[in-house]
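Asker: Test case, fold it:
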Amino acid sequence: GVVVVSFLMGLYLFFFGNNVPLAPFTMLVLLTLFSLLTVLIISSILSTLFQTLDQIKKTNAELQQIQEASERRLMERTRTLETILALSRELSLILDQDLLFREMVERIQATFEFYYTQIYLLNRTDSTLTLVAGTGTAGQKLLAAGHKLSMGDGLVGQAALDNRPVLVPDVHNNSQWLPNPHLPDTRTEAVIPISIGNRVLAVLDVQQDTPDSLTIESVDVLQTMANQAAIALQNARLYAAAAQRAQNEAQINAINEQIQQANSVESVLQVAAEGLGKALSSRRTTVFLHPAGNQKQNILVPNGERN
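Answerer: As a prediction, the model looks like this:
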């Protein structure tokens with residue numbers, strides 16, 4: 001455009017600045033050419049301007065989409081954080097282990113709308129993982145069947161053995177995955193150990209019915225929840241142990257009071273037998289009495305029968 005304008009201005013100055021005589025036809029041709037080129041230049045400028053405006057609009061739209069996506073992610077993170085905090089507060093108040101597991105899977109399922117959520121409890125005596133909570137009909141059936149896994153078996157067993165999260169974007173491409181007939185649509189699975197330090201207590205397992213629907217970010221969120229659950233589980237066990245100690249101490253105190261009120265050896269043994277029976281939850285408790293200088297065995301039982 002600049003070159004063309006310069007050329008036209010040069011022609012103008014050459015002919016009109018030097019008073020070069022021109023024929024009317026030549027003058028008309030030059031003026032027409034000048035007008036056409038001027039229109040072309042203006043059209044080119046306007047076209048470039050419109051293209052620039054379109055590019056600006058497109059860039060603004062992309063920036064708007066990026067901003068909206070960022071705001072959505074921020075809202076999701078905020079919502080997730082609020083959920084974790086609320087769940088942590090609720091879990092910290094639950095002192096019953098079974099109720100703790102049930103509440104956890106139901107809350108996680110309701111919040112994130114997973115295909116399936118479950119928790120296995122680790123039994124260190126025989127290194128087995130027993131299902132203690134599961135969502136939906138599948139969970140009910142597996143619980144009724146007493147579903148168990150061994151350490152190292154499947155994704156759940158591997159997570160428990162290594163004490164590390166396991167994320168499988170597509171279980172159909174993983175040879176370690178163990179299919180479950182009650183969960184035929186599982187495609188993505190994430191398994192998170194519930195542990196205190198190096199000590200695994202339980203395992204959280206979530207599943208989705210579409211491939212690649214669980215991410216590293218999902219694992220991070222679930223790991224935070226699992227950490228809170230581990231603390232709540234430890235608190236529940238400490239509370240149960242303290243309650244059992246308090247109950248034992250109360251029983252011992254009650255037995256001591258009854259013994260102090262007893263007026264014979266048989267009464268003392270009767271009280272002891274009854275106290276032991278209650279403490280051990282036994283159906284029958286027997287005490288053998290060996291009087292000094294007498295080889296005969298007397299058997300004292302809680303119902304007062306003797307042999």
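Asker: Pull the number of nearby residues for residue 237.
Answerer: Applying the criterion other Cβ atoms under 10 Å, we find 13 residues in the vicinity of residue 237. Backbone N, C-alpha and C define where each C-beta goes, glycine included.
Asker: How about residue 184?
Answerer: Residue 184 sits with 9 neighbouring residues when counted by other Cβ under 10 Å.
Asker: so what's it scoring on pLDDT?
Answerer: In the predicted model, residue 184 carries a pLDDT score of 96.
Asker: same question, residue 234
Answerer: Turning to residue 234, the model gives it a pLDDT of 88.
Asker: Please name the bridge partners of the closest residue to it other than its chain neighbours.
Answerer: With Cβ to Cβ, 6 or more residues apart in numbering as the measure, residue 196 is the residue that lies nearest to residue 234, at 5.9 Å, once sequence neighbours are left out. For residue 196, the beta-bridge partners are residue 199 (DSSP bridges).
Asker: from what I can see residue 196 touches residue 232, true?
Answerer: No: look at residue 196 against residue 232 with Cβ atoms under 8 Å: they stay out of range, at 11.1 Å.
Asker: residue boundaries of the helices in the protein?
Answerer: For the chain, the helices defined by DSSP state H cover 2-12, 24-93, 97-112, 136-144, 154-162, 216-261, 265-280.
Asker: Of those, which stretch is the most buried?
Answerer: Mean neighbour count (mean count of other Cβ atoms under 10 Å) peaks for helix 154-162 among the helices of the chain, with a mean of 21.
Asker: Which other helices and strands does that one contact?
Answerer: strand 116-123, strand 128-134, strand 148-150, strand 166-168, strand 188-196, strand 199-208 (3 or more Cβ pairs under 8 Å, 6 or more residues apart in numbering; DSSP states H and E).
Asker: quick one: the closest residue to residue 104 other than its chain neighbours and residue 188, what's the gap?
Answerer: By the measure of Cβ to Cβ, 6+ apart, the closest residue to residue 104 outside its immediate chain neighbours is residue 229, 5.6 Å from it. Summarising the geometry, the distance separating residue 229 from residue 188, computed by Cβ to Cβ, to the nearest Å, is 21 Å.
Asker: Of all residues in the protein, which one is nearest the centre?
Answerer: Relative to the mean C-alpha position of the chain, the nearest C-alpha, by Cα atoms, centre = their mean, is the one of residue 222, at 2.3 Å.
Asker: Quickly list what the spatially closest residue to that residue that is not a sequence neighbour is bridged to.
Answerer: Across the structure, with Cβ to Cβ, 6+ apart as the measure, the residue nearest residue 222 apart from its sequence neighbours is residue 192 (4.8 Å). Bridge pairing for residue 192 (DSSP bridges) gives the partners residue 204.
Asker: My read is that residue 192 contacts residue 162, right?
Answerer: No: in this structure, residue 192 is not within contact of residue 162 by Cβ under 8 Å, at 11.9 Å.
Asker: joint contacts of these two?
Answerer: The overlap between the contact sets of residue 192 and residue 162 (Cβ atoms under 8 Å, 6 or more residues apart in numbering) is empty.
Asker: on that earlier part again, dump the helices of the chain into JSON lines; add distance to residue 176 as well.
Answerer: Conversion of the helices of the chain to JSON lines gives the following (distance: least, Cβ to Cβ, whole Å):
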{"stretch": "helix 2-12", "distance to residue 176": "69"}
{"stretch": "helix 24-93", "distance to residue 176": "29"}
{"stretch": "helix 97-112", "distance to residue 176": "23"}
{"stretch": "helix 136-144", "distance to residue 176": "19"}
{"stretch": "helix 154-162", "distance to residue 176": "6"}
{"stretch": "helix 216-261", "distance to residue 176": "17"}
{"stretch": "helix 265-280", "distance to residue 176": "44"}
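Asker: for those helices, which one sits closest to residue 184?
Answerer: Ranking these by distance to residue 184, with Cβ to Cβ as the measure, places helix 136-144 first at 9.4 Å.
Asker: what mean pLDDT does that closest one have?
Answerer: Taken as a whole, helix 136-144 has an average pLDDT of 96.
Asker: ok, now stretch 108-116?
Answerer: Regarding stretch 108-116, the rounded mean pLDDT is 90.
Asker: quick one: contacts of that stretch?
Answerer: With contacts defined as Cβ under 8 Å, 6+ apart, stretch 108-116 is touched by 83, 87, 117, 134-136, 138-139, 183, 185-186, 204, 206-209, 222, 225.
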